[in-house]
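**Student:** have a look at this prediction, sequence included:
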Amino acid sequence: MPSMQSGAWLHSLSHRNNGVIMKHWLTALASVSAPKILVTVATVLGSGPREPGAKMVITADELFDTIGGGHLEMKATEIARAMLAMPDTMLAAQRRLERFPLGPSLGQCCGGVVHLAFERVASDNLTHLNCLNQRWRLGLDTWRLLALDSDQAVTLCDDNATHLAGPVWPAILPVAIDVLTACQVLTDTTGQRWLLDSCLAEKAHLMLFGAGHVGAAIVRALADLPCRITWVDEREDMFPTRLAANVIVEATDTPEALIAGAAPGTSFLVMTHSHALDRRLSEHILRRHDICWFGLIGSQTKRVQFERRLRERGIPATRMTDMVCPIGLPGIHGKQPAVIAASVVAQLLQVWEEHELQQQKALGRMLTKIAASASQITGKTANPEAKAEIMDKEECHLLAKR
């Protein structure tokens, strides 16, 4: 296998993001026409640089996204480019699953064992790629089923196992699959291996009102982070022509309707050009009781004024604690747009990680309750399908059913 010289490796790294933003692996699949390999972290035993399901795209000249960098990523790049150099009629040029002990063979401090799946992706597979892209941008989770020992086309389904694209679910695979595991290698009844891979949409969603200097700086700072942004302003000409893949623009003169239609758990950030509009938006946001976070740009003086006006509009004083104003981390006082953006984005990351942690704890409590109910009702020998029915009644989709 050809080894990559350090100079070539550094050249690849320097061309990873074209000097702007790191391109998401899914965006790279859809937009890069060159022959390419999708590398997926299939499993991690012990400690690894990235989690199962992490991905990167490799072409002969460029790298997009990352599986953690370091020696592991360099070896993955060598393998992927060796595959690209093979005739694409060979199975070895199409699919591979490789094992990497990080400590002994790669000298990485993680010390775990990582399995990487390698997959040649054809640019003409528009149905597959368009479906993935559209669902990701809409915040919808998708699951990919990839045959590792054949070049069968990829199957796409949602977390209820509804078929979306590609071949139907193979009958030789298990019927019940744990969709709480982000990525897993399955073995069918004939001994063939399959990768069941989650393409999970970013759950953190920020609805940002205002396309001024600070709003634009925040959107730029969030471009590479695990979130989705709905950027709202009535002035369409304020939005830049080039946007990151995780940004959707809403040029509208009825922003209140977007607040009303936002999904539960949405975060809101208000920084428009008008204090009157800021107050209207703040009122609509505070009338909701299912938001993740609400920030309003401004000083303590602005907060006092807004609290008085909002109470006059019927917003209870107890709701004011859910309005963060001033925004940003304590101790950072710079007024430059980029400084404000760095402070606010760090604050949002703290909020989103804590929100995710609380959701995971709530899910764990629910699973314990469901398991206890399943044991009481169906007995310890109940089959998975029977238990799945109980779970469905609890509106918890734990099993994907063929």
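**Tutor:** Arrived safely, thanks for sending. Numbering: from 1, shown residues only.
**Student:** low-confidence stretches in the stretch 1-150 of the chain?
**Tutor:** Applying pLDDT under 70 to the stretch 1-150 of the chain flags residues 1-22, 104-111, 124.
**Student:** where do the strands sit along it?
**Tutor:** 36-45, 55-58, 63-65, 95-101, 113-121, 142-147 (DSSP state E, counting those that start in this stretch).
**Student:** quick one: closest of those to residue 273.
**Tutor:** Comparing the strands of the stretch 1-150 of the chain against residue 273 with C-beta to C-beta, the closest turns out to be strand 63-65 (35.5 Å). (C-beta placed from N, C-alpha, C; glycine too.)
**Student:** partner strands of the closest one and their direction?
**Tutor:** Paired strands of strand 63-65, with direction, are strand 55-58 (antiparallel) (DSSP bridges).
**Student:** residues making contact with the partner strand?
**Tutor:** Under the contact criterion C-beta atoms under 8 Å, 6 or more residues apart in numbering, strand 55-58 has outside partners 25, 28-29, 32, 36-41, 63-67, 73, 76-77, 80-81, 84, 121.
**Student:** can I get the strands of the stretch 1-150 of the chain in JSON lines with mean neighbour count and distance to residue 233?
**Tutor:** Written out in JSON lines, the entries for the strands of the stretch 1-150 of the chain read as follows (neighbours: other C-beta atoms under 10 Å; distance: least, C-beta to C-beta, whole Å):
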{"stretch": "strand 36-45", "mean neighbour count": "22", "distance to residue 233": "36"}
{"stretch": "strand 55-58", "mean neighbour count": "25", "distance to residue 233": "33"}
{"stretch": "strand 63-65", "mean neighbour count": "24", "distance to residue 233": "30"}
{"stretch": "strand 95-101", "mean neighbour count": "17", "distance to residue 233": "46"}
{"stretch": "strand 113-121", "mean neighbour count": "22", "distance to residue 233": "36"}
{"stretch": "strand 142-147", "mean neighbour count": "22", "distance to residue 233": "30"}
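**Student:** out of the ones you listed, which comes closest to residue 330?
**Tutor:** With C-beta to C-beta as the measure, strand 63-65 is the member of the strands of the stretch 1-150 of the chain nearest residue 330 (33.3 Å).
**Student:** which residues of the stretch 251-400 of the chain fall in strands?
**Tutor:** Taking DSSP E, counting those that start in this stretch as the criterion, the stretch 251-400 of the chain carries its strands at 267-270, 293-296, 399-401.
**Student:** and residue 292, how far from residue 63?
**Tutor:** Going from residue 292 to residue 63 by C-beta to C-beta, to the nearest Å gives 33 Å.
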